[in-house]
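1. Got a sequence here, can you model it:
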Amino acid sequence: MAGARDRTDRIRQSIAPFMRFFAGPYTALAGDAATANFAVGNPHDMALPGYVDALHRHLDPRDTEWFAYKTSEPPARRAVARTLAARTGLDWDPEDIAMTNGGFAAIAVALKALLNPGDEAIFLTPPWFFYEMLILAADAVPVRVRLEPPRFELDFAAIEAAVTPRTRLVLLNSPHNPGGRVYPADDLQRLADLLAGASARIGAPIHLLSDEPYNRIVFDGRSYHSPAEFYPRTVVTYSYGKTLLAPGMRIGYLAMPPSMPERERLREEIFIAQLSGGWLFPNALLQHAIDDLERLSIDVGALERRRDRLVPALRALGYEATLPEGTFYVMARAPFDDDLAFCERLNRHKVLVLPGSVVELPGWFRISLTASDEMVERGIGGFAAAVRDVSGV
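-> Numbers count the residues shown, from 1 in each chain. Next up, the predicted model:
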């Protein structure tokens, strides 16, 4: 019991900044119509009409089993395999696709399937909120490697130095939340070579968990490459909540490429992790609709236009701001080191952003481009007012 309590305490500590923000400033301001809400990747316009139409088309039952218990439905797996083949050039087997209730569950299942108690998992920081929590929940040991702002380049020397005889997994997020970096093919090949060499050195395979829910949200005509194209021991996790901007409709997947060794054994490990985690499969309706949903996307060009409106405006006001290559997010440096205090100033001007401390990047804050165009225009005024507060002008 002491071990379980200790793990719970460490999990509680890992998510404490997230909980403080969402129980405090977010709850206070998100429901205020006057707030320019840049806090998270939530929709601020009505859902895609095509999304709603697709759900309507598949809502009426076509047989008695339409809403029966579902695991990973064969038509859904085939739809995902077709998309992955088109995007990567690899011949994905539908049997290697596990449908999950969102990307969150996909990561949790992958960690449970790939890690044993006491194994080490390397993740890159600043991270998505819950990487450390999910690694701890898998009874594994989280190991951080820092990405330096504003470029968030992969530090290959630091990754290699972090590998020990207990390392069994590296978690990579590209396009990177919150940094917006899309790691190019050359970087992915270098990482693949590093992990192959490190696996040989420690005498045990190191898997790469590629968390890529934003892989269709890239800007400036870039092409996205999955690490699965370069490293055989890659597991891909994906969420449709980003591309469709419907995060409350929980469907995603994890997938193994045809190059993955011991695929048959891992299929069973993944299935058991889904069952033991509490039936971590998506609901029937979303699986029935997935072939239609695969063809849809939010307007990525609109996100890019908001980026191109907001980033120059922030820079003109004196903020250091990134120009993301993908994702929903711009990172900006606060005018002084205490990002929490500065975000409170922004709150007074009805601007809600995510403090960098919530994603292990103190001194910065994150802005979501899923805010409406009208929020962007109002928000620029709030960013200007907060700078005036600090400068005393």
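2. excluding its backbone neighbours, what's nearest residue 337?
-> Closest residue to residue 337 apart from its sequence neighbours, by CB to CB, 6 or more residues apart in numbering: residue 363 at 5.1 Å. Every residue, glycine included, has its C-beta placed from N, CA and C.
3. Residue 285 now?
-> residue 58 (6.0 Å).
4. Pull the residues that contact the helix or strand the one you found falls within.
-> For residue 58, the host element (DSSP states H and E) is helix 49-59. By CB atoms under 8 Å, 6 or more residues apart in numbering, the residues outside helix 49-59 that reach it are 244, 246, 285, 286, 288, 289, 292, 293, 295, 296.
5. try 7 Å
-> Applying CB atoms under 7 Å, 6 or more residues apart in numbering, the external contacts of helix 49-59 come out as 244, 246, 285, 288, 289, 292, 293, 296.
6. my read: the last one touches residue 246, true?
-> No. Residue 296 is beyond contact range of residue 246, at 9.8 Å (criterion: CB atoms under 7 Å).
7. more crowded one of those two?
-> Just comparing residue 296 and residue 246: by other CB atoms under 10 Å the higher neighbour count belongs to residue 246, 22 against 17.
8. how about the more buried one, what does it touch?
-> With CB under 7 Å, 6+ apart, residue 246 has these contacts: 47, 51.
9. got the CA positions of the helix holding residue 58 in CSV?
-> Only the C-alpha atoms of helix 49-59 are listed here, as CSV (Å, rounded to 0.1, in the frame of the first residue of the first chain):
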residue,chain,number,x,y,z
PRO,A,49,-21.2,20.7,-40.6
GLY,A,50,-19.6,17.7,-42.2
TYR,A,51,-18.8,16.3,-38.8
VAL,A,52,-22.3,16.6,-37.6
ASP,A,53,-23.7,15.2,-40.9
ALA,A,54,-21.4,12.1,-40.6
LEU,A,55,-22.7,11.4,-37.1
HIS,A,56,-26.3,11.7,-38.3
ARG,A,57,-25.6,9.4,-41.2
HIS,A,58,-24.4,6.6,-38.9
LEU,A,59,-26.8,7.2,-36.0
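10. Could you pull out the buried residues of the lowest-mean-pLDDT helix or strand in the chain?
-> Among the helices and strands of the chain, helix 2-23 carries the lowest confidence by mean pLDDT, DSSP states H and E, at a mean of 90. Buried residues in helix 2-23, counted by 16 or more other CB atoms under 10 Å: 11, 14, 15, 17, 18, 21, 22.
11. re earlier: in whatever helix or strand comes next after the helix holding residue 58, which residues are buried?
-> Counting by DSSP H and E, the next helix or strand C-terminal to helix 49-59 is helix 74-88. Neighbour-count burial for helix 74-88 flags 76, 77, 79, 80, 81, 83, 84, 87, 88 (criterion: 16+ other CB under 10 Å).
12. so what's residue 194 up against?
-> Contacts of residue 194 by CB under 7 Å, 6+ apart are 156, 159, 160.
13. And the helices in the stretch 101-250 of the chain?
-> 103-114, 131-137, 156-162, 185-202, 240-243 (DSSP state H, counting those that start in this stretch).
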